[in-house]
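**Student:** Build the 3D model from these lines:
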Amino acid sequence: MLSLAIFLVSAGGVLSATAVYAASNTGDYLALARDVHAGERIDNADLTVVQVPKSPGLELVTAGRRADIVGEQATVSLLRGQLLVDAAVTDKVVAQVGQRRVGIELEPGRMPAERLYAGDKVTLVELPDAKTLASAERTKTAGQLGEWDAVVVASSEQRQSDARTVVYVAVDAKFAADVGTAAAADRLIVLLKSVR
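**Tutor:** Okay, here's the model as predicted:
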């Protein structure tokens, strides 16, 4: 009986030590509660907390950073149950699937503010080409020529030399060539729809 008691105490100590070791080597991390496509913003409902062993080789996102992750964009498509890593999210605007990035150089008066910011939703409006259009055609409204929705990805500060600003936008891929052509011809204005 004494030997049995000693064995049980020893076994209990080993189990306790194992449990303590396991607890100290696991952590609470964020995982996906549902699929999120590349370019989509992450909502609170998209995330869940799981407990997994700590792994120094993986940059897993801890549960304590949940508030920081909500609102960021997925840089790649994420699947339900997948552990979240830092490289999979960004606070910068990324083009979604089916979008292309286009750079537009704008002179003062062609944009609604001194500077636009990533996440701002805008409308790009094409202006008529006064050099080549006939006088009758020149009376067309800008909206009849071309009008596209876009999201600002980034923008520069005004150049001191000419006060022009470069704005990078994400547009629907099927309109990217038209927007690029109008931008190259300096025939675009930007209207602000909403800020991020």
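
**Student:** contacting residues for the residue nearest to the spatial centre of the chain?
**Tutor:** Geometric centre of the chain, nearest residue: residue 73, 3.1 Å, by C-alpha atoms, centre = their mean. Residues counted as contacts of residue 73 (C-beta atoms under 8 Å, 6 or more residues apart in numbering) are 39-42, 89-94. C-beta here means a position set from N, CA and C on the backbone, and glycine is covered the same way.

**Student:** Name the nearest of these relative to residue 188.
**Tutor:** Nearest to residue 188 among the contacts of residue 73 is residue 93, at 19.1 Å by C-beta to C-beta.

**Student:** Poorly predicted segments of the chain, please.
**Tutor:** Applying pLDDT under 70 to the chain picks out residues 1-24, 55-57, 93-95, 114, 130-144, 195-196.

**Student:** can you pull out the strands in it?
**Tutor:** All strands of the chain, identified by DSSP state E, fall at 26-32, 47-53, 73-74, 89-90, 99-106, 121-126, 147-155, 165-172, 188-194.

**Student:** For these, give me CSV that also has distance to residue 83.
**Tutor:** Shown next, in CSV, are those (distance: least, C-beta to C-beta, whole Å):
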stretch, distance to residue 83
strand 26-32, 5
strand 47-53, 7
strand 73-74, 14
strand 89-90, 12
strand 99-106, 27
strand 121-126, 32
strand 147-155, 28
strand 165-172, 28
strand 188-194, 33
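
**Student:** Which stretches in this structure count as helices?
**Tutor:** 2-24, 66-69, 142-145, 176-184 (DSSP state H).

**Student:** buried stuff in the second one?
**Tutor:** Neighbour-count burial for helix 66-69, counted by 16 or more other C-beta atoms under 10 Å, picks out 66, 69.

**Student:** Just the CA coordinates for that helix, please, in PDB.
**Tutor:** C-alpha atoms of helix 66-69 as PDB (Å, rounded to 0.1, in the frame of the first residue of the first chain):
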ATOM      1  CA  ARG A  66      -7.700  41.300 -32.200                       C
ATOM      2  CA  ALA A  67      -8.800  44.900 -32.000                       C
ATOM      3  CA  ASP A  68      -5.800  45.900 -34.200                       C
ATOM      4  CA  ILE A  69      -6.600  43.300 -36.800                       C
END
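
**Student:** tell me what it is packed against?
**Tutor:** Applying 3 or more C-beta pairs under 8 Å, 6 or more residues apart in numbering; DSSP states H and E, one finds that helix 66-69 contacts strand 47-53.

**Student:** how close does the residue nearest to the centre of the chain get to residue 154?
**Tutor:** To residue 154, residue 73 is 13 Å away according to C-beta to C-beta, to the nearest Å.

**Student:** on that earlier part again, now for the strands of the chain, which one comes closest to residue 80?
**Tutor:** Among the strands of the chain, strand 26-32 comes nearest to residue 80, with 5.3 Å by C-beta to C-beta.

**Student:** how big is the angle separating that closest one from strand 47-53?
**Tutor:** 140 degrees (axes from the mean of the first three to the mean of the last three C-alpha atoms, to 10 degrees).
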